[in-house]
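Q: give me the fold of what follows.
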Amino acid sequence: METYGSQRVAALVGETPRTWTTIGLCFVVALLEGMDLQAAGIAAAGMKAEFGLDASTLGAVFSAGILGLLPGAFGGGWLADRIGRKWVLIGAVALFGLFSIATAYAWDLYSLLVARFMTGVGLGAALPNLIALSSEAAGPRLRGTAVSLMYCGVPLGAALAALVGMAGFASGWKAVFYVGGVAPLLVAPLLALCLPESAAFREQQGAAVARPTIWQGLFRDSAAVPTLLLWIAYFFTLLVVYMLVNWLPSLLVGQGFSAAQAGQVLFALQIGGTLGSLALGSLLDRWRPLALIALTYAGILAALAGLGLSSRFPSMLVAGFVAGFFVVGGQLVLYALAPQFYPTGIRATGVGSAVAVGRLGAMSGPLVAGQMLAMGYGATGVILGAAPGILVAAAAVSFLLVRRRAA
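A: Numbering: from 1, shown residues only. Next up is the predicted model:
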């Protein structure tokens, strides 16, 4: 007997060949994005040694890339609603590929910060278009499954980057940026040849309907409350995601684990994230969203407790896997929910604005962690200190869903 998940995937593939092509190519881009997002964490030890960085300055390097995600996400979404999702995505892929290579050629702290910032701009512009293309290719009935199939490429790409670190390339830190730069430049021409433009976007262009302004689309006609609640949920959820992605290897070493063990925990986290993206995204098309949100954020809190309190390596491996499953999977749930609150003409802008605000949280996470470590709170204090933010995010998205049901 077929499982529910396999039935959903079969139904999705059966939609049209264009649907499968779109999701497959978006998955490849998400894979590359995940590799680059994890690359800074993998290369942290090498960059720290070469440029003489302390914990606080290294946090600034992490946050420079995340800061670039902010204008990238908002600008990429805004442009996509005007000139199309496909070409903005291609430009974004080329941009983050070029500046990933530029990271390897940085000659001082300031050139390193600029290279990471511009890489972040490209990565940020790609994500709202990946979400819009995947969700519009599948339609409302299978939107969660489509976005989850696409987005599982991000933690899988991060797991590949973790494998590079486990193989011993962390000391030669430039290698991960060369790989993360050349691959997108090879994929960009493939997207130009094979990626179909969103049918929903083309239909809207052909209909010549009045296009709402950003203000009208995000804050008028009862859109203000959903927009603000999505922003709050994105901010605090991504704060935790990027705190773990960037600082977890260093935090684990600070707790007494070896670098090899830290790499294995990071790999377990990303594999958990891949499976969590698939599982939770599929459940989003089946369960009541409120029940799924409750499960997801309860799982995040349990995982944070496990990471902060585990003292033995096997239990830390389990905690890392659970953290990936719910933290990365929970991020996917937010990405799949956001398109449901915006019409086609403002969808990429709405998703992009939520992603951009989430990047503020993502930028804050590494900075806060770096400052807490510099102040002597220790690894356990940093990890457990993320719990209040998760409670705020859970409350915001739960209220949003309750409000929608009541309406």
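Q: what's the local residue count around residue 134?
A: 29 (other CB atoms under 10 Å). (C-beta placed from N, C-alpha, C; glycine too.)
Q: leaving out sequence neighbours, find the closest residue to it.
A: Spatial nearest neighbour of residue 134, chain neighbours left out: residue 150 (4.2 Å); criterion: CB to CB, 6 or more residues apart in numbering.
Q: just the element for that neighbour, please.
A: Element membership of residue 150, judged by DSSP states H and E, is helix 143-151.
Q: packing partners for that helix?
A: In terms of contacts (3 or more CB pairs under 8 Å, 6 or more residues apart in numbering; DSSP states H and E), helix 143-151 is packed against helix 4-13, helix 17-42, helix 109-138, helix 259-284, helix 329-337.
Q: how about that helix as CSV, C-alpha atoms only?
A: C-alpha atoms of helix 143-151 as CSV (Å, rounded to 0.1, in the frame of the first residue of the first chain):
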residue,chain,number,x,y,z
ARG,A,143,1.7,23.6,-2.2
GLY,A,144,3.2,22.2,1.0
THR,A,145,4.6,19.1,-0.7
ALA,A,146,6.0,21.1,-3.6
VAL,A,147,7.8,23.6,-1.4
SER,A,148,9.1,20.9,0.9
LEU,A,149,10.5,18.9,-2.0
MET,A,150,12.3,22.1,-3.2
TYR,A,151,13.4,23.3,0.2
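Q: pLDDT of that helix, averaged?
A: Helix 143-151 comes out with an average pLDDT of 79.
Q: ok, and what's touching it?
A: Contacts of helix 143-151 with the rest of the structure, by CB atoms under 8 Å, 6 or more residues apart in numbering, involve 8-9, 12, 19, 23, 26-27, 30, 130-131, 134-135, 137-138, 277-278, 280-285, 332, 335-336, 339-340.
Q: tell me the angle of that helix relative to helix 329-337?
A: 120 degrees (axes from the mean of the first three to the mean of the last three CA atoms, to 10 degrees).
Q: and the helix or strand that comes right after helix 143-151, which residues are buried?
A: Using DSSP H and E, the next helix or strand after helix 143-151 towards the C-terminus is helix 153-164. Using 16 or more other CB atoms under 10 Å as the test for burial, helix 153-164 gives 153, 154, 155, 156, 157, 158, 159, 160, 161, 162, 164.
Q: chain center to helix 153-164: distance?
A: In terms of CA atoms, centre = their mean, to the nearest Å, the centre of helix 153-164 is found 12 Å from the chain centre.
Q: which residues of this structure score low on pLDDT?
A: By pLDDT under 70, the low-scoring segments of the chain are 1-16, 140-141, 164-172, 205-217, 220-221, 245-246, 379, 407.
Q: how does it look with 50?
A: 1-2, 4-5, 12-14, 170-171 (pLDDT under 50).
Q: correct me if wrong: residue 269 contacts residue 244.
A: Yes - here residue 269 reaches residue 244: they are 6.9 Å apart, a contact under CB atoms under 8 Å.
Q: list residues touching both of the two?
A: With CB under 8 Å, 6+ apart, residue 269 and residue 244 have common neighbours 323, 327.
Q: helix, strand, or coil at residue 311?
A: Classification of residue 311 by DSSP: H, G, I helix; E, B strand; the rest coil places it in coil.
Q: so what's it up against?
A: By CB under 8 Å, 6+ apart, the residues touching residue 311 are residue 255.
Q: okay, it and residue 248: tell me how far apart.
A: For residue 311, the distance to residue 248 equals 16 Å [CB to CB, to the nearest Å].
Q: got it, and residue 272?
A: Residue 272 is 12 Å from residue 248, where distance means CB to CB.
Q: of those two, which one has the most company?
A: Neighbours around residue 272 and residue 248, counted as other CB under 10 Å, are more numerous at residue 272. The numbers are 25 against 22.
Q: give the burial count for residue 256, as a bare number.
A: Counted with other CB under 10 Å, the neighbours of residue 256 add up to 10.
Q: now name the helix or strand holding it.
A: For residue 256, there is no host helix or strand (DSSP H and E).
Q: which member of the buried residues of helix 153-164 is positioned nearest residue 198?
A: residue 153 (18.6 Å; CB to CB).
Q: pretty sure that closest one is touching residue 34, no?
A: Yes - in this structure, residue 153 is within contact of residue 34 by CB under 8 Å, at 6.2 Å.
Q: who's in contact with residue 155?
A: Contacts here follow CB under 8 Å, 6+ apart; on that basis residue 155 touches 34, 269, 270, 271, 272, 273, 274, 276, 277, 324, 328.
Q: the residues you listed, buried ones only, as a ChimeraX selection?
A: A single ChimeraX command selects the buried members of these (16+ other CB under 10 Å):
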select :34,269,270,271,272,273,274,276,277,324,328
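Q: using the three-state scheme, assign residue 376.
A: Secondary structure assignment for residue 376 (three-state DSSP): coil.
Q: so what's the residue nearest to residue 152 when sequence neighbours are not counted up against?
A: Among residues not flanking residue 152 along the chain, residue 277 sits closest, at 4.0 Å (CB to CB, 6+ apart). For residue 277, the contact set (CB under 8 Å, 6+ apart) comprises 148, 151, 152, 154, 155, 328, 329, 332.
Q: one more time with 10 Å, if that's ok
A: By CB atoms under 10 Å, 6 or more residues apart in numbering, the contact set of residue 277 is 30, 147-156, 324-325, 328-333, 335-336.
Q: picking that back up, closest one to residue 178 among the helices and strands packed on helix 143-151?
A: Using CB to CB as the measure, helix 17-42 is the one of those that comes nearest residue 178, at 10.1 Å.
Q: next structured bit after that closest one?
A: With DSSP H and E, the next secondary element past helix 17-42 is helix 44-51.
Q: which strands and helices lie in contact with that next one?
A: Counting contacts by 3 or more CB pairs under 10 Å, 6 or more residues apart in numbering; DSSP states H and E, helix 44-51 is packed against helix 55-83, helix 109-138, helix 174-194, helix 224-254.
Q: can you rerun that using 7 Å?
A: On a contact count with 3 or more CB pairs under 7 Å, 6 or more residues apart in numbering; DSSP states H and E, helix 44-51 meets helix 55-83.
Q: so the helix it packs on versus helix 44-51, what angle?
A: 110 degrees.
Q: tell me the angle helix 55-83 makes with helix 224-254.
A: Interaxial angle, helix 55-83 versus helix 224-254 (the same axes, to 10 degrees): 150 degrees.
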